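J.: Coordinates for the following, if possible.
(chains A and B)
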Number of protein chains: 2
Amino acid sequence: MQRTLSHQLPTQVGAAVRIAGWVHRRRMLKSVAFLIVRDAAGLAQVVVTDPAARAELEKLSEETVVEVTATVTANETAPAGVELTDPTVRPLGPPAVPPPFDLYRPALTASLPTQLDHAPTALRHPTRSAALRISAAAVAGFRAALDGRDFVEIHTPKVVSSSTESGANVFALDWFGRPAYLAQSPQFYKQLMVGVFERVYEVGPVFRAEPHDTVRHLAQYTSLDVELGFIADHRDVMVVLRDTLAGMLGTVGERAGGALATLGVEVPAVPAQIPAVHFTEALTIAGAPADEPDLAPAHERALGEWARREHGSDFLFVTGYPMKKRPFYTHPDPAQPAYSNGFDLLFRGLELVTGGQRLHRHDDYLAALAARGEPVEPYAGYLDAFRHGMPPHGGFAIGLERFVARLVGAANIREVTAFPRDLHRLTP
Amino acid sequence: MQRTLSHQLPTQVGAAVRIAGWVHRRRMLKSVAFLIVRDAAGLAQVVVTDPAARAELEKLSEETVVEVTATVTANETAPAGVELTDPTVRPLGPPAVPPPFDLYRPALTASLPTQLDHAPTALRHPTRSAALRISAAAVAGFRAALDGRDFVEIHTPKVVSSSTESGANVFALDWFGRPAYLAQSPQFYKQLMVGVFERVYEVGPVFRAEPHDTVRHLAQYTSLDVELGFIADHRDVMVVLRDTLAGMLGTVGERAGGALATLGVEVPAVPAQIPAVHFTEALTIAGAPADEPDLAPAHERALGEWARREHGSDFLFVTGYPMKKRPFYTHPDPAQPAYSNGFDLLFRGLELVTGGQRLHRHDDYLAALAARGEPVEPYAGYLDAFRHGMPPHGGFAIGLERFVARLVGAANIREVTAFPRDLHRLTP
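T.: The predicted structure follows:
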């Protein structure tokens, strides 16, 4: 008999079915016992009245994998209006050792470190798996939005011969006797691939040897990287980012409705045009001194409130960050070269995405490195391509785990990461 | 004026347009000069007759990025039946330094090492970019096939505390003072996630410190990993693999038709039911001694010919490989425990995919490791989850670059990899 998933049961009333899943909970009442079976689609209630079957049920600990053949019976008081009666329950493996926390309670009561230590079982809890379902939907929406706009997906090296960003916080490894590093971002590779496909994206791991233990940082995270050529300036990138975000959230709404409901989250609306303020204006709105070189968290919060109040928007672009606060490959604003064609996207007062226009002329790279007193040599291999004709281009990167954490309001990014890696954690 | 891509020109005859791209080639004839502009969509021919414009064109080396405003004019002899006349050509950057090989010739004449040394420009050649477009389409088809079958995409750690496969060929690194390794596969993680979502897949990099320099091996490649629970045995996995393959090749046909044409490749048909032979039968067909423990390349070629001849199929499953040739997590065939519930999929006589049913009982893992004289300790963190209820499950992994290389008939896997990593190569 073909297996039926729990969410299909309401359409099968009267039929004999076979379900399979985990023993989520048993409730042994006097005259009847209830077995709640959890599968990928949800929960099913099995009613056990036969004394022999009840005795067998006593032996099946929570999380034991079972198969149940039974009749689907309508019952208004049961979950989704149906339950399974007259069951035959067969274990598909030995009785499970119960996990160190109860998976059947509405919330996981174990501390986050305990959950992470036992991630393979903790992730079975609906609140934990819901975040990962939202994550999968967000990535699917990301790709669909970009595929629809002629972007090509790429895969780039995660081990490099020199660090691509600041030089700090890199993991070093031995590559057949040569020093090498885990890539902190696919920044240069995606830029180089603009020379091939004009528009590219990559979904892949990046690595930051972040020595601080914070609720916002992981040492490995999934970066959603986008780069496009033949732009006029950063505003063309912002348009693509707006559409990509709308695609991501749209797909989350379509594909992960159950997960959103589990977490009590509503998908925010992305305005057709996200409001944008220049950095200098942002300082004024936030009540910050005009000579501040960057926005502090309190400023970002004030800007988030302002965007909500003035524009009814959860999102706000801040453009024109000072050049000295942006990476060397950032393109300056031609009209005010102390400011950049770089932007941040704030979501409810928190930085969600960073992007901007990049330099595209080889000479500009040399000048930018010289101005910062940085050597050319570590970048020479990448920069060479800029001698061979690169169009004006720009892009952005979204940290997937951070995006999901902010969307669902998780206090710690580790709550939405299957197997986080950080200063202290290298297992499971 | 909005930019027009080259492939849109045939519908714009008579219109004034703006195109942009790279100077692909210039042909300076006596009375006229032709400028061929390459963009992401293809080539456009620009006719230059004005002497001043011709003088400017002389200065624009190949690969310089330009913008052209002109009139679209029908001309039967021009590519796609149109050319651009009365143009204004504006460079979007400084004149390019020509690459060390001609990108405008039908084939790249440079040696593969030279191409790889100059990958950012070599990849601009249509034959090189075509393979990457096919790769992107194959991955899109992979995901679509699995999304349609209720699989959930996951992202797992690429740095682990112990090696997950044989223990050999791992890259070691320093993780905040602790020894760590680059993951050779997401094998255990995908198995653990079957406990959460039942059906999962991952597209991500894996790392093999392969000390041999061969045309088939990379030290980093993109692994397409699939795992599913509640299977009867490996045959349920083979059904999903067949459908996934069909989805991949279907999407390649739909999305990468131009790339296939560039490479002269036809997409092979995937039979509704891929023929399957047991390992013992495969030895007989290949004319190998009955006590051979594995299939040699010559045997696989013979099997490929047999499948073509007897079944009209480019694909052939070989099932039931001897247990001693499969990893310890492989599930034995309950009826003949010396043979496994593992399979290989051959494509035209070459191994394309490996998969099978895995052990799902904790005790079986302990016994399997003991039988091989391997310690439990390095695997303890993973195996613990198998105490907490895991369903019968199995899966497979497809090496993306190898898949594309075989599909397009590339002699060397590096021809279809943007920035390969191997024993000798860590740049660009």
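J.: what's the burial count for A:Lys158?
T.: 22 (other Cβ atoms under 10 Å in any protein chain shown). (C-beta placed from N, C-alpha, C; glycine too.)
J.: Was I right to think it contacts A:Tyr181?
T.: No - look at A:Lys158 against A:Tyr181 with Cβ atoms under 8 Å: they stay out of range, at 9.8 Å.
J.: and A:Pro98, what does it touch?
T.: A:Ser61, A:Glu62, A:Glu63, B:His388 (Cβ atoms under 8 Å, 6 or more residues apart in numbering or on different chains).
J.: Just want to check the distance between it and A:Val23.
T.: 10 Å (Cβ to Cβ, to the nearest Å).
J.: and if you look at A:Ala411?
T.: For A:Ala411, the distance to A:Val23 - Cβ to Cβ - is 31 Å.
J.: Those two: which is more packed in?
T.: With neighbours defined as other Cβ under 10 Å, A:Ala411 and A:Val23 compare such that A:Val23 has more, 25 against 9.
J.: so how far is B:Leu57 from the nearest residue to that one once chain neighbours are set aside?
T.: Nearest residue to A:Val23, sequence neighbours excluded (Cβ to Cβ, 6 or more residues apart in numbering or on different chains): A:Thr64, at 4.7 Å. Counting by Cβ to Cβ, the separation of A:Thr64 from B:Leu57 is 76 Å.
J.: Then A:Val65?
T.: For A:Val65, the distance to B:Leu57 equals 71 Å [Cβ to Cβ].
J.: Also A:Ile413?
T.: From A:Ile413 over to B:Leu57 (counting by Cβ to Cβ), the distance is 54 Å.
J.: if we can go back for a sec, check contacts around the residue nearest to A:Val23.
T.: Per Cβ under 8 Å, 6+ apart, neighbours of A:Thr64: A:Trp22, A:Val23, A:Pro91, A:Gly93, A:Pro94, A:Pro95, A:Ala96, B:Gly389.
J.: burial count for the last one?
T.: Under the neighbour criterion other Cβ under 10 Å, B:Gly389 is assigned a count of 30.
J.: try the fourth one
T.: Look at A:Gly93: counted by other Cβ under 10 Å, it has 18 neighbours.
J.: Excluding sequence neighbours, find me the nearest residue to it.
T.: Using Cβ to Cβ, 6+ apart and skipping the chain neighbours, the partner closest in space to A:Gly93 is A:Val65 (5.0 Å).
J.: what's across from that neighbour in the sheet?
T.: Note on A:Val65: beta-bridge partners by DSSP bridges are A:Trp22.
J.: With A:Ala180 instead?
T.: A:Leu173.
J.: Check which helices and strands the lowest-mean-pLDDT helix or strand in chain A sits against.
T.: Lowest mean confidence among the helices and strands of chain A (mean pLDDT, DSSP states H and E): helix A:380-383, at a mean of 88. Contact analysis of helix A:380-383 by 3 or more Cβ pairs under 8 Å, 6 or more residues apart in numbering or on different chains; DSSP states H and E lists helix A:187-197, helix A:362-371 as its packing neighbours.
J.: Show me the contact partners of it.
T.: Applying Cβ under 8 Å, 6+ apart, the contact partners of helix A:380-383 are A:Ser161, A:Ser162, A:Thr164, A:Phe188, A:Gln191, A:Leu192, A:His362, A:Tyr365, A:Leu366, A:Val376, B:Thr427, B:Pro428.
J.: and the following helix or strand past it, anywhere near chain B?
T.: Where DSSP states H and E defines the elements, the next helix or strand beyond helix A:380-383 is strand A:393-399. No - against chain B, strand A:393-399 shows no contacts by Cβ under 8 Å from any Cβ of the partner chain, the least distance being 10.0 Å.
J.: any idea how far the residue located most distally from the centre of chain A lies from chain B?
T.: Among the C-alpha atoms of chain A, the one most distant from their mean position (Cα atoms, centre = their mean) is that of A:Pro51, at 47.9 Å. Going from A:Pro51 to chain B by Cβ to the nearest Cβ, to the nearest Å gives 25 Å.
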